[in-house]
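Compute the structure for the input listed below.
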Amino acid sequence: MKAATTLLVALSVLLAGCVSDEQGDASPNDDVVVETAPTATLFPEWSGVDHTNQTLNASAFDNTTYMAYFSAPWCAHCESTLDAYDSVIPEGRIVIFSMEAREEYANMSTWHNQTETGLNRTVNRPFILHPELAKSVEVKSIPHAVLVNAQGYVFHVEIGKETNLTTIQTMWETASAATFDPTSGWNQTLAAEET
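Sure, this is the predicted structure:
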């Protein structure tokens, strides 16, 4: 069922650009207009055991905006981005997922301790091994952060290094205020940064 839903969402996203507002074969006097509803992607359901051996799942974030942060224990350059997100995102609102499936990187307690040592401070966030979730979210580059709005929709994806605290704060505030309506779409948009 989850695979079918994921496939349906993926096809909807791929075909979204293929639909126009007007039918090509309608004559100029016809008032035929095809209206398409905006689309949004639900973040997949997930469950996992964190570095403290506690089970956590997506339902713990019902009606709550949160960040799903994907990385790997071997990604030393990802620590500065995690440090920045951890500095801005409120407590209890980030889940750190490892996308690394290899056995030598499977110990989340080791990764958590390594991160705290690297940052020289406490990191009070759950670290969960979940390469299957990373695959379903199509994580190909890390760090890969997904902002999920309170309805469970993916509002924004940030890939790569991000250490600007003001930018992160803006992303977080915008995602926290974002709601999706199937008829009218998002009530908030995240402006692209000028480079």
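
Flag the helix or strand of the chain with the lowest per-element mean pLDDT.
Here the helix or strand of the chain ranked lowest by mean pLDDT, DSSP states H and E is helix 2-15, holding a mean of 42.

moving C-terminal of that helix, what's the next helix or strand?
Going down the chain from helix 2-15, the next helix or strand is strand 47-49, by DSSP states H and E.

could you point out which element follows that following strand?
Downstream of strand 47-49, the next assigned helix or strand under DSSP H and E is strand 55-57.

Could you list the buried residues of that following strand?
Leu56 (16 or more other Cβ atoms under 10 Å). For glycine as for every other residue, the C-beta is placed from the backbone atoms N, C-alpha and C.

my guess is Glu158 contacts Thr170, does it?
No - the criterion here is Cβ atoms under 8 Å, and Glu158 misses it with Thr170 at 11.4 Å.

More neighbours: the two, which one.
Neighbours were counted for Glu158 and for Thr170 using other Cβ atoms under 10 Å; Glu158 has more, 19 against 15.

measure the more buried one to Asn113 for me?
For Glu158, the distance to Asn113 (Cβ to Cβ, to the nearest Å) stands at 26 Å.

same thing with Leu119?
Distance, Leu119 to Asn113, using Cβ to Cβ: 11 Å.

what residue is smack in the middle of the protein?
Val146 (1.8 Å; Cα atoms, centre = their mean).
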